[in-house]
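> any chance you could fold what I've pasted below:
(chains A and B)
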Protein chains: 2
Amino acid sequence: METIRRTKISDLLRRDDFGATVSAKGWVRTRRGNKFVSFIHLNDGSTINNIQVVADNELFNEEVLKKITTGACIHVVGTLVASQGQGQNCEIQAKEIEIYGIADPEEYPLQKQKNGPSLEYLREIAHLRPRTNTFGAILRMRHHMAFAIHKYFNDNGFYYLHTPIITASDAEGAGSMFQATTLDFNNTPRTETGAVDYSQDFFGRQTNLTVSGQLEGELGAMALGAIYTFGPTFRAENSNTPRHLAEFWMIEPEVAFYDINDNMDLAEDFLQYLIKYALENCKDDIAFLADKYDKELIDRLNFITNNKFIRLTYTEGVKILEESKHKFEFPVYWGADLQSEHERYLVEQHFKCPVILTDYPKEIKSFYMKQNEDGKTVRGMDVLFPKIGEIIGGSEREADYDKLTNRIKEIGMNADPIWWYLETRKFGTAPHAGFGLGFERLMLFVTGMTNIRDVIPFPRTPNNAEF
Amino acid sequence: METIRRTKISDLLRRDDFGATVSAKGWVRTRRGNKFVSFIHLNDGSTINNIQVVADNELFNEEVLKKITTGACIHVVGTLVASQGQGQNCEIQAKEIEIYGIADPEEYPLQKQKNGPSLEYLREIAHLRPRTNTFGAILRMRHHMAFAIHKYFNDNGFYYLHTPIITASDAEGAGSMFQATTLDFNNTPRTETGAVDYSQDFFGRQTNLTVSGQLEGELGAMALGAIYTFGPTFRAENSNTPRHLAEFWMIEPEVAFYDINDNMDLAEDFLQYLIKYALENCKDDIAFLADKYDKELIDRLNFITNNKFIRLTYTEGVKILEESKHKFEFPVYWGADLQSEHERYLVEQHFKCPVILTDYPKEIKSFYMKQNEDGKTVRGMDVLFPKIGEIIGGSEREADYDKLTNRIKEIGMNADPIWWYLETRKFGTAPHAGFGLGFERLMLFVTGMTNIRDVIPFPRTPNNAEF
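You can find the predicted model right below:
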C-alpha cells in the first residue's frame, strides 16, 4: 500500500482538490455494482455520511473483492474525484484496497435491510449498534451535548466537582439503592447479635451507589461559589419502562448566593444554550434522526430556543389544569404530584411555551428545599418541556439550620449520616440554589428517540447488565 | 441593603473603576483591626485571592461586627477604592454589611493558625476543606484539568463515550472488585445446590463496579473511530497508601487505525497540552501550591512542555538500568515489572526527559495487547514522568481474533463474559490503540501534592466512605 496519511471521511467530504491521492479507512456499509465496477459506501464514524469508493473490479484480486461485504473494515488509497451521482460532492476512485477485517455475511448481524433492524433487536447487540446510522448519530450527539455542558459551565465560571459514587448516605431520603460491598454472601461476618458485621466491609460500614451528587455538591458551592457535577447515578428500582435506567448520568449545578429566580434564569439560559449548540453542531445527525424517527424534532428544538420560558407557581398551574376541563388519566388537584400529561398540557396546549413551575407543596418535594412562609409550600422548581414533561428539577435550598433540621425530624429522616451536610448551615450558611438535569432525558429530547435505552451506549436495566 | 448585582471577587480584583459601588459576597478568611477599623479578608471561591473589605467600625452595629469572624458568610456593599497597602490593587470601603451565616469561633474548625491545619486533619473534615486556600486551589485546578481533557478531545474529533459503571466483566482479568447488588445478606436467595442465586439479583447475574472502561471503549472506537472515556473506576484493594484510592477517575482514549507510534504521538501531545493548559489557566493556584508545598513544581511542569519524550523499548530501558550501577531497592532484570524508582531513574537521572517505554514482556501486561513477532513481548507503552513514574499506560491492541483468543486460553482466563469484546475481532477488525490516564495521578503531578487523598474532593479508601 502507498503510505499516505489517512484522512477522516468527515474531512474528505469537504474537500474539492480533485485529483489528490487520499487514504480512507472505515467500515463497509454497503457494496453494490456489477461485473465491472463496485460502489462501496464507507463510513468511519466521523460523520453520518458515507464516502463512495468506486473500484474498477479488474484492478483487484477477486479474493479481495469477495471480502468487501457489509461490516468489513478496509483501507482504501485512491484519487479524490468529483462525484458522478447526486448526494456527496466527491468520491474516491480506488487504486489500492487492503482488507483489515472481514465480516462474514452468514454471521454478521447488521446486514443491509429495508428500514434496518428494529431498535429492540439492536439493544441485544449494543456492542455493534454504534455502527448503525442511528446509533452513530445518537452517540455523536451525546458527545456534543456532554461537551456543550462542560463548555457552558466552564465559560460561566462554574467548577466541575467529582462527587463520590460510593456513599454512606441517601441524598433523596428515598429510592432503592445498590449496595457496594466486598462482603461474601457465602461467608458473611456477623456481630454477636447475628446482624451483618459491616465493620468488616471494605469501608467499615454499609455503602451504596449514589442517587445524586447534590448534597456533596452543596459542600462545594459553599466553598467554591459555583460548581456542577456530571456523573453517573443509580436507582435500583425494578421499573421496566422506556423512561427508567438503573444507571444514568446527571448534571447538577449548585450556586452560592442564588435564589430561586437566579436558579430559573440559569436553567433557562443553560437549556437554550444546549439546544442551540445541538442545532449548530449536529446538523447532519439531527436531520437524519428527524427524517427517520421524528418529523417534528427540529420544530420542537426551535420551540425551546425561540420562546421565553413562562414562570408560574404550582398553585397557579393546578388551577389552570383544573379549569381546563381537559380529560386527564390521572386526577389533578392541589397536592398532587403532577404527571407528564399535566405538564405537557401546560406546555403544549395552554401556554405553547416551555414552562417553569415553582413553589410546590412541601409534601411532594425533598427535605432540603427552602420553606416558604405559608408553611405549605417550598421553593422548588420544575422545568417542563414538550413531549417529555419535566426535564429539570431544582430548588432554592433551605439555608436555615433550625428550619432544615426541624423538617428532617418532621419527616422522620435520620440526620446522623449527613452531619457534614448540616454543618454547611452551621458554619457560614448562605442562600443557595441548584438543579438536576438527567442527561438521558436531555438526550431523548434532542434526538427525538422515545426509549431511554437508546440514548445511552450500554443501558443497565432489570435483568440486563450485558456488555 | 442596596440592591446591586453581586460581582465575583475574581472580577472585582481586576477592576480599577474606583468610586463604583459594588456588592461582594463570600466567606470571611480573617478579620483584623482595632477599635476604629476592621480589615476583613473575603473569599468567594472564584479565586485564591481575597478582597480586603475595610469597615469603619462606628458605621456598624456592634452585634454585626461581632459576627464577622473566620468562616462567617457575609454580603458587603461598598465603594471600590485603590488599595492602600500592598498586594491587591483594590479593596472595598464598606457601606453596608449583611450577615448570611455565622461561624462560632468556639466550634468552627478552620481557625486561622500558623501554617494552617495539617493535611491529615483536613481529610477528616473534607466537607469544609474546600474552604481553605490549598483545597480551593486544588479543586479549581481539578476543574481546569477536566475541562482541558474534554476540550482536547473535542477539538481533535474524539467522541466522549460513557462506558458502564456496573458491569458483569473484569476488564483487566485481575483486581479486586466491589460487588453491586440488591440481594439481602440476611435473606440470600439460594439455588438448589445452595449457591447464591444471582438470577434473583437486580441484573439477573453477579455484577461489579468497573475497573476500566477500555473494553467497552474499544467497541466505541470500532464504530465511531476515535473515542475517549472519562469516568469513575473502582478497585477494592486493601491498600492504605498515598497512591491508592478505591474510587478514582480514569481517562481512556481509544482510536481505530492507530498503531503504537500514533498512540505515543497522541499521549505526548495530550500530556503537553494539559500541562500547558494548567500553566496558562491556573497561574495563581499553581504559584500558591508551589510556594507552600513544592518549590520545584513549576520547573517540573516546564520540564514536560519543554522536552520531547524519549522513546525506547523496555528491553533497552532495562539494559540502561542494569548498567547504571545505581543501587535500587527492587532488583531490575528483564521480565521484572519496573518500579517507580526505576522509572524515575530513567527520567530524572539518565535521560533528563519524559520517557516512553514500549514492548514489554507479555507476562507483565494484559491479555489484549498486540503480540510482537518475537513471541515474548507485546506492544504496550508506559509514559514515565519525573517524581511520579508511570503516568500513562497503553498499547496497540491485538486485532487478530485467533491470537487474542489463544492468549486468553494461555493465561486461563474465562472468555465467556466478554464474547461481545471478541466479536470486534470477528467483524470488521482493524488495528487500534489506546491508553489510560489516572486523573488523580495527573492531579498529583500538576499540583505537586504527594497524597492522592488530597487531589479528589471526597476520597474513598479502606474504612473511609465519609461525606
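> okay, CA-based contacts and neighbour counts for the rest of this
Will do.
> how far off centre is the host helix or strand of residue A:381?
Counting by DSSP states H and E, the element that carries residue A:381 is strand A:377-385. Centroid displacement of strand A:377-385 relative to its chain, using CA atoms, centre = their mean, to the nearest Å, is 21 Å.
> what comes into contact with that strand?
The contact list for strand A:377-385 (CA atoms under 8 Å, 6 or more residues apart in numbering or on different chains) reads A:260, A:264, A:267, A:343-344, A:347, A:354-362, A:365, A:369-372, A:390-397.
> show only the entries of those found in helices.
The helices, defined by DSSP state H, take in A:260, A:264, A:267, A:343-344 from the contacts of strand A:377-385.
> strands along the stretch 301-450 of chain A, start to end?
Counting by DSSP state E, counting those that start in this stretch, the stretch 301-450 of chain A has strands at residues A:310-313, A:355-361, A:377-385, A:389-396, A:432-438.
> take these and write them to JSON lines, including mean pLDDT and mean neighbour count.
Formatted as JSON lines, these follow (pLDDT from 0 to 100; neighbours: other CA atoms under 10 Å in any protein chain shown):
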{"stretch": "strand A:310-313", "mean pLDDT": "98", "mean neighbour count": "16"}
{"stretch": "strand A:355-361", "mean pLDDT": "98", "mean neighbour count": "25"}
{"stretch": "strand A:377-385", "mean pLDDT": "98", "mean neighbour count": "26"}
{"stretch": "strand A:389-396", "mean pLDDT": "98", "mean neighbour count": "24"}
{"stretch": "strand A:432-438", "mean pLDDT": "98", "mean neighbour count": "25"}
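> mind putting the ones you listed into JSON lines with distance to residue A:182?
Output for these, formatted as JSON lines (distance: least, CA to CA, whole Å):
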{"stretch": "strand A:310-313", "distance to residue A:182": "47"}
{"stretch": "strand A:355-361", "distance to residue A:182": "41"}
{"stretch": "strand A:377-385", "distance to residue A:182": "38"}
{"stretch": "strand A:389-396", "distance to residue A:182": "34"}
{"stretch": "strand A:432-438", "distance to residue A:182": "29"}
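> ok so, going back, got the angle between the strand holding residue A:381 and strand A:432-438?
Here the directions of strand A:377-385 and strand A:432-438 differ by 40 degrees (axes from the mean of the first three to the mean of the last three CA atoms, to 10 degrees).
> export strand A:377-385 as CSV, just CAs?
Output of strand A:377-385 as CSV, limited to C-alpha atoms (Å, rounded to 0.1, in the frame of the first residue of the first chain):
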residue,chain,number,x,y,z
THR,A,377,-45.0,25.2,50.0
VAL,A,378,-41.3,25.0,49.3
ARG,A,379,-39.2,26.9,46.8
GLY,A,380,-38.8,24.1,44.3
MET,A,381,-38.9,24.5,40.6
ASP,A,382,-39.5,22.1,37.7
VAL,A,383,-38.8,23.0,34.1
LEU,A,384,-41.3,21.5,31.7
PHE,A,385,-40.7,20.7,28.1
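> from start to finish, how long is stretch A:203-211 in a straight line?
Stretch A:203-211 has an end-to-end distance of 18 Å (CA to CA, to the nearest Å).
> buried residues, that stretch. List them.
Within stretch A:203-211, the residues scored as buried using 16 or more other CA atoms under 10 Å in any protein chain shown are A:203, A:205-211.
> taking those residues one by one, which sit in helices?
Counting by DSSP H, none of the members of the buried residues of stretch A:203-211 fall within helices.
> going by distance to chain B, which of the residues you listed wins?
Using CA to the nearest CA, residue A:203 is the member of the buried residues of stretch A:203-211 that lies nearest chain B, at 3.7 Å.
> so who does the residue nearest to the closest one when sequence neighbours are not counted touch?
In space, residue A:203 comes closest to residue B:463 once its chain neighbours are excluded; the distance is 3.7 Å by CA to CA, 6 or more residues apart in numbering or on different chains. By CA under 8 Å, 6+ apart, the residues touching residue B:463 are A:201-205.
> now for residue A:151, how many residues are close by?
For residue A:151, the count of nearby residues is 16 (other CA atoms under 10 Å in any protein chain shown).
> likewise for residue A:190?
Residue A:190 has 13 neighbouring residues, counting by other CA under 10 Å.
> residue A:197 is in contact with that one, correct?
Yes: applying CA atoms under 8 Å as the test, residue A:190 and residue A:197 come out as touching, 4.6 Å apart.
> average pLDDT across stretch A:21-37?
For stretch A:21-37, mean pLDDT is 97.
> mind listing what's buried along that stretch?
Neighbour counts using 16+ other CA under 10 Å place A:21-31 of stretch A:21-37 among the buried residues.
> sorry, back to before: any of the ones in helices among the contacts of strand A:377-385 buried? List them.
Buried by 16+ other CA under 10 Å: A:260, A:264, A:267, A:343-344, out of the ones in helices among the contacts of strand A:377-385.
> out of those residues, who's nearest chain B?
The closest of those, once distances to chain B are taken by CA to the nearest CA, is residue A:260, at 15.4 Å.
> you'd agree that closest one is up against residue A:433?
Yes: contact criterion CA under 8 Å: residue A:260 and residue A:433 qualify, at 6.5 Å.
> find residues that contact each of these two.
Both residue A:260 and residue A:433 are in contact with A:395-396, where contact means CA under 8 Å, 6+ apart.
> closest one to residue A:178 among the strands of the stretch 301-450 of chain A?
Among these, strand A:432-438 comes nearest to residue A:178, with 18.8 Å by CA to CA.
> what comes into contact with that closest one?
Here strand A:432-438 makes contact (CA under 8 Å, 6+ apart) with A:248-260, A:263, A:267, A:391-397, A:399.
> just the residues you listed that are near chain B?
residue A:257 (CA under 8 Å from any CA of the partner chain).
> surely residue A:176 is in contact with residue A:235?
Yes: counting by CA under 8 Å, residue A:176 does reach residue A:235; the two are 5.9 Å apart.
> higher neighbour count, those two?
Per other CA under 10 Å, whichever of residue A:176 and residue A:235 has more neighbours is residue A:235, with 20 against 17.
> residue A:179 is in contact with that one, correct?
No: using CA under 8 Å, residue A:235 is not in contact with residue A:179; the gap is 10.7 Å.
> so how far is stretch A:210-229 off the chain centroid?
On the basis of CA atoms, centre = their mean, stretch A:210-229 sits 20 Å off its chain's mean C-alpha point.
> and stretch A:431-443, by the same measure?
Distance, stretch centre to chain centre, for stretch A:431-443: 11 Å (CA atoms, centre = their mean).
> try stretch A:225-240
Relative to its chain's centre, stretch A:225-240 lies at 11 Å (CA atoms, centre = their mean).
> give the rounded mean pLDDT of it.
Averaged over stretch A:225-240, pLDDT sits at 96.
> what comes up buried for it?
A:225-237.
> ok, and does the stretch of helix or strand residue A:139 belongs to reach over to chain B?
Secondary structure assignment for residue A:139, by DSSP H and E: helix A:133-155. Yes: counting by CA under 8 Å from any CA, chain B has neighbours in helix A:133-155: A:136, A:139-140, A:142-144, A:146-147, A:150-151, A:154.
> what comes into contact with the next helix or strand after that helix?
Note on helix A:133-155: by DSSP H and E, the next helix or strand toward the C-terminus is strand A:159-160. Here strand A:159-160 makes contact (CA under 8 Å, 6+ apart) with A:150, A:153, A:224, A:226-230, B:139-140, B:142-144, B:146.
> who touches residue A:442 in this structure?
Neighbouring residues of residue A:442 by CA under 8 Å, 6+ apart: residue A:391.
> what stretches of chain A score poorly on pLDDT?
Low-confidence segments of chain A (pLDDT under 70): A:170-175.
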